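A.B. asks: below is the sequence, then the predicted model.
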Amino acid sequence: MTQVVGVSITGADGLEGFHRWHRPFVRAHLVRANTGEFLYVSGVAEPVSCSASTRVCDMGAGKQATPQWRETLRLYAEFALCQRPEENVAILFEVYEHRADIESWVSSKDDIIAWGFLKLVGRMGQAHTGKPQRLQLYKPGLLAKGKHTRIVDLAPARPNQPLAGAWLADPAREALRGSLRVTVQPIAPLPPELLLAPAEPKPLVASPVIGILAAAAPLKPIWSRALDEPCGVPDTVLARLPSGTGGCLALQFSRSGLFLAAAVSEGGQYPIRVFQIAGLGNVGVPAAIPLGELLGHANVVYDLCWSGNDSLLLSASSDATACVWDLAAPPAAPALKLQHPCFVYCARFHPPKAAPASVITGAFDGVVRVWSLATQQCTELLGHTASINALELDASGVKMYTADSKGVVKVWICVEAGWRLLHSFACHDVQGSPIMSLRCHPFAGRLLVHVRDSVVRSVDLQSYAVVQRYPGALNNRIRVRSCFSPCGSLVLSGSEDGYPRVWNTETGTLLKRLDCLGAPVHDVACHPRDNIVAVCSFAPNQPIVLLCSRPSVHRQTLAPLPPSRLLSTTLLNGSMAFPAPLLESTRLLQDTRLRPFEHNSSLTFDFMQAPGTARAVDTDPALAGTTRLPGTLAGPFSAAASDELHTAYEQHLAAMERRSAQGPHPFGIATPARPS
């Protein structure tokens, strides 16, 4: 296995003004010694940084006179390559004071304490690795030529170098009476917890006290929508849930649909409330049952994310932390708190649908951080030049999309050595406008980009071109988000005017303007299994509103049986005979006549009046007695093809219903609704 650069940071000695620093941390970057720019990765058009940060050293809690970290960082570049003299590689160290009470932390010169550097190979070819080194620290900024005043420019000269990169290349440096103790040596990269296959999951918290999941009522959910049915347009208020005196900023249904998490504001506190969802099929049962609160954040929670098995909840907050909550443990405190140097705007588990191995966060300082849940080590991905407002992973977890407040979207790919930058794009009409949210389409290769210019856009992930726009929702000032419906046929968005919108995904037609809140709608979330939509407002005394697409009397529909149940299918005089329970499970109407298999296909079905029978009818005489199945050749219509024909028909039936939800059929074909 190729070894990477390992940096052990022990502590700082004799640092001037140490009594004024309470929570320092160190950030390390691999740079070119002559320019201060990040290293380039082969085959990538843009610079990809190799950076990492230590944890915050709480000097007050430890009663320390000098900062001590005693932590080993991994910089994901090949160690042997960095030791070549012609590469001219150096490690740049920046010492910061952590401040979580202000958002604009990088604009204050007091937040960077000192900086230093270490060239891996000296002028005479000697290696500065494998043994402890004591590095000279310098004051931030540069000494103006011929003057005794300092010029501190906290914005990097170019976006492809860290903050102190411009100072490294200039000899006008002013030394501090202090040093940083480090050791650089080769180290093996992290095992597969940063890859798609996670390591063995370990319980984050062990306690005999029951948690929120254990407190859930023994209620079997009954969903009113089958997996192959399109989502309905919400038009009815189902319930209003308490959100606190300050309102609710973020919502997220769990992946199974059993729970709803809401980040609310209540009397100066910022709890996360968890509700149990019963489903529209449970008539007479409350739509949402409160289960408890998660207390631990000191400021507004911006984003929420559930793990694949619903046992963990991730939250990102303006208190400069991202918290992992174990819902099987008591909700007294987060199981894991990931400290950041600034506001955290977005967070996701990786991989998204399996046992999480890492946490990925986006923050105000423009840095994407990958935290290993096994070791709690942080790897930094640099490249954005503005705050990261949105982060999204595709269903497989192979690709990641990040968006910033300048309208730039970056595409990252997960490889064996970690995350690497794959592409960067910005829609030509949104450059400079902040992006508020990103959502991947559940089936098609599209990305929903919510820009703060009152237009939501759908971007094709092959060409990175805008293929559809959804205007109408007002968003010019605040944080508003949008999403796809689980079936992918609808786009839903909040709005500053208090009226959430619903569009058709393909045509961009506005289908509904919802009147449910009297304040700006900040977030909208779709239930993954039922026709339920949740909307919220971060305004005083505004409830969380649950909307549904059906009237007060709901009905349960059965999911289709798997193809393995089609064992009694036989061929009788040119007709396919299905058992009556099978027809009931697949909801095939007996009086439905000549429903098309494909738009351009002559093969249709004729469901006979005799219970449990269906006949294949071919209107093209040249193809009489043959079947035309997607992905197969036309052949004799025999009993061996019955199972495959029935499975293909069920897939087509679901596609036809999705088309019917998008408006009139282009060929004038009407698709009947499924029966109850």
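C.D. replies: On my side now, so go ahead. Numbers count the residues shown, from 1 in each chain.
A.B. asks: my guess is Tyr125 contacts Glu86. True?
C.D. replies: One thing to correct before we go on: residue 125 is Gly, not Tyr. No: Gly125 lies out of contact with Glu86 (Cβ atoms under 8 Å); the separation is 11.1 Å. (Each C-beta comes from the backbone N, C-alpha and C, glycine too.)
A.B. asks: so where's the stretch 51-200 of the chain shaky on pLDDT?
C.D. replies: 60-63, 99-110, 142-160, 190-200 (pLDDT under 70).
A.B. asks: so where do the helices sit in it?
C.D. replies: 59-62, 79-82, 165-168 (DSSP state H, counting those that start in this stretch).
A.B. asks: how much space separates Gln185 from Ser51?
C.D. replies: Applying Cβ to Cβ, to the nearest Å, the value for Gln185 to Ser51 is 18 Å.
A.B. asks: coming back round to it: out of the helices of the stretch 51-200 of the chain, which is closest to Arg457?
C.D. replies: Proximity to Arg457, assessed across these by Cβ to Cβ, is greatest for helix 165-168 (34.0 Å).
A.B. asks: pull the closest one out as PDB, backbone CA atoms only.
C.D. replies: Output in PDB follows, covering the C-alpha atoms of helix 165-168 (Å, rounded to 0.1, in the frame of the first residue of the first chain):
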ATOM      1  CA  GLY A 165       0.700  30.900   1.100                       C
ATOM      2  CA  ALA A 166       1.400  34.400  -0.100                       C
ATOM      3  CA  TRP A 167       3.500  35.100   3.000                       C
ATOM      4  CA  LEU A 168       5.600  31.900   2.400                       C
END
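A.B. asks: helices and strands around it, which ones?
C.D. replies: strand 24-32, strand 89-97 (3 or more Cβ pairs under 8 Å, 6 or more residues apart in numbering; DSSP states H and E).
A.B. asks: may I have the strands that pair with the last one, each with its orientation?
C.D. replies: Take DSSP bridges as the rule and strand 89-97 pairs in its sheet with strand 24-32 (antiparallel), strand 112-119 (antiparallel).
A.B. asks: could I get these as CSV with mean neighbour count?
C.D. replies: Converted to CSV, the strands paired with strand 89-97 look like this (neighbours: other Cβ atoms under 10 Å):
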stretch, mean neighbour count
strand 24-32, 24
strand 112-119, 23
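A.B. asks: would you turn those into JSON lines with distance to Ala250?
C.D. replies: Below are the strands paired with strand 89-97 laid out as JSON lines (distance: least, Cβ to Cβ, whole Å):
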{"stretch": "strand 24-32", "distance to Ala250": "27"}
{"stretch": "strand 112-119", "distance to Ala250": "31"}
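A.B. asks: before we move on, back to that, comparing Gln185 and Ser51, which shows the higher neighbour count?
C.D. replies: Ser51 (24 against 14; other Cβ atoms under 10 Å).
A.B. asks: who's in contact with the nearest residue to the more buried one once chain neighbours are set aside?
C.D. replies: Take Ser51 and drop its neighbours on the chain: the residue closest to it by Cβ to Cβ, 6 or more residues apart in numbering is Glu380, 3.9 Å away. Neighbouring residues of Glu380 by Cβ atoms under 8 Å, 6 or more residues apart in numbering: Arg27, Ser49, Ser51, Ala52, Ser53, Val367, Val368, Arg369, Val370.
A.B. asks: so where's the stretch 401-550 of the chain shaky on pLDDT?
C.D. replies: 550.
A.B. asks: how about 80 then?
C.D. replies: 416-417, 427-431, 550 (pLDDT under 80).
A.B. asks: okay, strands next: where are they in it?
C.D. replies: Under the criterion DSSP state E, counting those that start in this stretch, the stretch 401-550 of the chain contains strands at 409-415, 418-425, 435-440, 446-451, 455-460, 466-471, 482-484, 490-493, 501-504, 510-513, 523-526, 532-536, 544-548.
A.B. asks: would you turn those strands into TSV with distance to Leu314?
C.D. replies: Conversion of the strands of the stretch 401-550 of the chain to TSV gives the following (distance: least, Cβ to Cβ, whole Å):
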stretch	distance to Leu314
strand 409-415	18
strand 418-425	18
strand 435-440	16
strand 446-451	20
strand 455-460	25
strand 466-471	28
strand 482-484	17
strand 490-493	22
strand 501-504	28
strand 510-513	31
strand 523-526	15
strand 532-536	18
strand 544-548	20
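A.B. asks: now the ones you listed in TSV, with distance to Ala355 and mean neighbour count?
C.D. replies: Below are those laid out as TSV (distance: least, Cβ to Cβ, whole Å; neighbours: other Cβ atoms under 10 Å):
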stretch	distance to Ala355	mean neighbour count
strand 409-415	16	19
strand 418-425	19	18
strand 435-440	21	24
strand 446-451	26	24
strand 455-460	30	22
strand 466-471	35	16
strand 482-484	25	24
strand 490-493	30	27
strand 501-504	34	23
strand 510-513	38	16
strand 523-526	23	25
strand 532-536	26	28
strand 544-548	29	24
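A.B. asks: to Ser265, which of those lies closest?
C.D. replies: Across those, closest to Ser265 is strand 532-536 (Cβ to Cβ), at 11.0 Å.
A.B. asks: re the thing from before, so which of the strands of the stretch 401-550 of the chain gets nearest Leu135?
C.D. replies: strand 418-425 (25.8 Å).
A.B. asks: by contact count, what packs against that closest one?
C.D. replies: By 3+ Cβ pairs under 8 Å, 6+ apart, strand 418-425 packs against strand 368-372, strand 378-381, strand 409-415.
A.B. asks: and after the second one, which helix or strand comes next?
C.D. replies: As assigned by DSSP states H and E, the chain's next helix or strand after strand 378-381 is strand 388-393.
A.B. asks: quick one: that next one to strand 435-440, angle?
C.D. replies: Interaxial angle, strand 388-393 versus strand 435-440 (axes from the mean of the first three to the mean of the last three Cα atoms, to 10 degrees): 0 degrees.
A.B. asks: now the angle between strand 409-415 and strand 388-393, please.
C.D. replies: Using the same axes, to 10 degrees, strand 388-393 lies at 40 degrees relative to strand 409-415.
A.B. asks: what pairs with strand 388-393, and is each one parallel or antiparallel?
C.D. replies: Sheet pairing for strand 388-393, using DSSP bridges, gives strand 399-404 (antiparallel).
A.B. asks: please save the CA atoms from the partner strand in PDB.
C.D. replies: The C-alpha coordinates for strand 399-404 follow below in PDB (Å, rounded to 0.1, in the frame of the first residue of the first chain):
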ATOM      1  CA  LYS A 399     -19.900  11.300  -6.300                       C
ATOM      2  CA  MET A 400     -20.300  14.400  -4.100                       C
ATOM      3  CA  TYR A 401     -21.600  17.800  -5.100                       C
ATOM      4  CA  THR A 402     -20.800  21.000  -3.200                       C
ATOM      5  CA  ALA A 403     -22.000  24.500  -3.900                       C
ATOM      6  CA  ASP A 404     -20.900  27.900  -2.500                       C
END
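A.B. asks: which residues touch it?
C.D. replies: Contacts of strand 399-404 (Cβ under 8 Å, 6+ apart): 348, 350, 360, 362, 366, 368, 384-394, 409-414, 419, 422, 434-435, 438, 440, 447, 449.
A.B. asks: what angle separates that strand from strand 368-372?
C.D. replies: Going by the same axes, to 10 degrees, strand 399-404 makes 140 degrees with strand 368-372.
A.B. asks: give me the spatial nearest neighbour of Thr321, chain neighbours excluded.
C.D. replies: In space, Thr321 is closest to Lys337, 5.3 Å off (Cβ to Cβ, 6+ apart).
A.B. asks: oh sorry, the question was meant for Gly257
C.D. replies: Nearest non-adjacent residue to Gly257 (Cβ to Cβ, 6+ apart): Arg529, at 4.1 Å.
A.B. asks: from Gln542, how far off is Glu266?
C.D. replies: Taking Cβ to Cβ, one finds Glu266 at 13 Å from Gln542.
A.B. asks: no wait, Pro221
C.D. replies: In terms of Cβ to Cβ, Pro221 sits 27 Å off from Gln542.
A.B. asks: cool, and Ser405?
C.D. replies: From Ser405 over to Gln542 (counting by Cβ to Cβ), the distance is 26 Å.
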